[in-house]
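*Asks:* sequence below, structure please.
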Amino acid sequence: MSGSATITVIVARAKQKLKKVGATSEETAKTPKELDLDEKWLKMSAHAGVVATKDGRYYLTSKSKKQH
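*Replies:* All right, here's what the predicted structure looks like:
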């Protein structure tokens, strides 16, 4: 698998996990541990609508949900 394909899979997995647990706002954001994901995967997903809170939790923006 090429590097870009691997990143695409990582981003898709991160977004899928966030949707599954309902992490769609700052109030419902989850930690990497709660998501069972490596934090670097979540950081790599920032361009795809994954947002980090100041306290290290992550959520999927509504803009991203509408795009995919």
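
*Asks:* run through the neighbouring helices and strands of the longest helix that the chain contains.
*Replies:* Ranked by residue count and defined by DSSP state H, the top helix of the chain is helix 3-20. Judged by 3 or more Cβ pairs under 8 Å, 6 or more residues apart in numbering; DSSP states H and E, helix 3-20 is in contact with helix 32-35, helix 39-44, strand 50-52, strand 58-60. Bear in mind the C-beta positions are built from the backbone N, C-alpha and C, glycine included.

*Asks:* among those, which comes closest to residue 7?
*Replies:* Nearest to residue 7 among those is helix 39-44; the distance by Cβ to Cβ comes to 6.3 Å.

*Asks:* any buried residues in that closest one, and which?
*Replies:* For helix 39-44, a neighbour-count test (16 or more other Cβ atoms under 10 Å) marks 41-42 as buried.

*Asks:* using PDB, list the CA coordinates for it.
*Replies:* The C-alpha trace of helix 39-44 is given here as PDB (Å, rounded to 0.1, in the frame of the first residue of the first chain):
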ATOM      1  CA  GLU A  39      -3.200  10.400  18.900                       C
ATOM      2  CA  LYS A  40      -0.900  10.800  15.800                       C
ATOM      3  CA  TRP A  41      -3.700   9.300  13.700                       C
ATOM      4  CA  LEU A  42      -6.100  11.900  15.000                       C
ATOM      5  CA  LYS A  43      -3.600  14.700  14.300                       C
ATOM      6  CA  MET A  44      -3.100  13.400  10.800                       C
END
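
*Asks:* right, I'll call it a day here.
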